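Trainee: starting from these lines, generate the structure:
(2 chains)
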Amino acid sequence: QKEVEQDPGPLSVPEGAIVSLNCTYSNSAFQYFMWYRQYSRKGPELLMYTYSSGNKEDGRFTAQVDKSSKYISLFIRDSQPSDSATYLCASLPISGGYNKLIFGAGTRLAVHP
Amino acid sequence: DGGITQSPKYLFRKEGQNVTLSCEQNLNHDAMYWYRQDPGQGLRLIYYSQIVNDFQKGDIAEGYSVSREKKESFPLTVTSAQKNPTAFYLCASTQGGAANTEAFFGQGTRLTVV
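Mentor: The predicted model follows:
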């Protein structure tokens, strides 16, 4: 079993839809959770970063962590065609440096006008 | 502008050849990383370096080698021992190894074996 599981999609939605992207993880030691966005043929860029459980909001994006169920979510409100990209979730244990970062497979999202 | 530069963007390798991918950063970051990205598998860590003249193997180091002679440079050599090198390679850097620092990625090098 992979430590971080993510459905690779693709996920296709109409413009304006609410998008829900999800990951599950198996390691209880994970405490830091990140979402990266990667446009085609580009390097990933950090989108959201959360520590432990709870929600974090940034504009149209909300990251949610439920440690009891080991579930990580990213919600995108009022989705735009420019949101079309691959979204990677990643997790880190509290003891580890960045070299311990574990990535999910990435979900490819397409938002069509 | 500060950032990470990877070159070349596309690279073709013949069977049995060694090739070197370049990664340079002007962010004054201490730590640098090499990842490999394959379809449906996310990013997997090849090598990382937390300080000049020191580097450690990641999860899939076999068939790869690195050096860290300068803080700003972390080249990756894909050797002929790497049996399936066709992939997208990403270099990243962080201020340190701590968990609460953002990683910055380069634009990647797509390596194809011909």
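Trainee: residues from chain A in reach of chain B?
Mentor: A:4, A:6, A:8, A:31-32, A:41-46, A:49, A:51, A:88, A:92, A:94, A:96-99, A:101, A:103-106 (CB under 8 Å from any CB of the partner chain). Bear in mind the C-beta positions are built from the backbone N, C-alpha and C, glycine included.
Trainee: which parts of chain A are strands?
Mentor: A:4-6, A:11-14, A:19-25, A:30-38, A:45-51, A:54-58, A:61-66, A:71-76, A:85-93, A:102-103, A:107-112 (DSSP state E).
Trainee: check chain B too.
Mentor: Using DSSP E, strands in chain B cover B:4-7, B:10-13, B:19-25, B:31-38, B:42-51, B:54-57, B:64-66, B:76-78, B:87-94, B:104-105, B:109-113.
Trainee: got the ones you listed as TSV, with mean neighbour count and mean pLDDT columns?
Mentor: As requested, the strands of chain B are exported to TSV (neighbours: other CB atoms under 10 Å in any protein chain shown; pLDDT from 0 to 100):
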stretch	mean neighbour count	mean pLDDT
strand B:4-7	17	96
strand B:10-13	14	92
strand B:19-25	19	97
strand B:31-38	24	94
strand B:42-51	22	92
strand B:54-57	14	94
strand B:64-66	20	98
strand B:76-78	20	97
strand B:87-94	24	95
strand B:104-105	21	92
strand B:109-113	17	94
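Trainee: redo these as TSV? Include distance to chain A.
Mentor: Listed next are those as TSV, based on distance: least, CB to the nearest CB, whole Å:
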stretch	distance to chain A
strand B:4-7	8
strand B:10-13	10
strand B:19-25	11
strand B:31-38	6
strand B:42-51	4
strand B:54-57	7
strand B:64-66	13
strand B:76-78	15
strand B:87-94	5
strand B:104-105	3
strand B:109-113	8
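Trainee: do you know the pLDDT at residue B:98?
Mentor: Residue B:98 carries a pLDDT value of 65.
Trainee: same check, this time on the one 10 residues further on
Mentor: Predicted confidence (pLDDT) for residue B:108: 96.
Trainee: which residues are in contact with it?
Mentor: A:41, A:42, A:43, B:6, B:9, B:37, B:88, B:89, B:90 (CB atoms under 8 Å, 6 or more residues apart in numbering or on different chains).
Trainee: nearest to residue B:70 among these?
Mentor: residue B:6 (15.8 Å; CB to CB).
Trainee: my understanding was that the closest one contacts residue B:109; is that so?
Mentor: Yes: shown here, residue B:6 and residue B:109 form a contact pair, counting by CB atoms under 8 Å, at 5.2 Å.
Trainee: overlap in contacts of these two?
Mentor: Joint contacts of residue B:6 and residue B:109 (CB under 8 Å, 6+ apart) are B:21, B:89.
Trainee: find the nearest non-adjacent residue to residue A:11, please.
Mentor: In space, and not counting its chain neighbours, residue A:11 is closest to residue A:109: 5.0 Å by CB to CB, 6 or more residues apart in numbering or on different chains.
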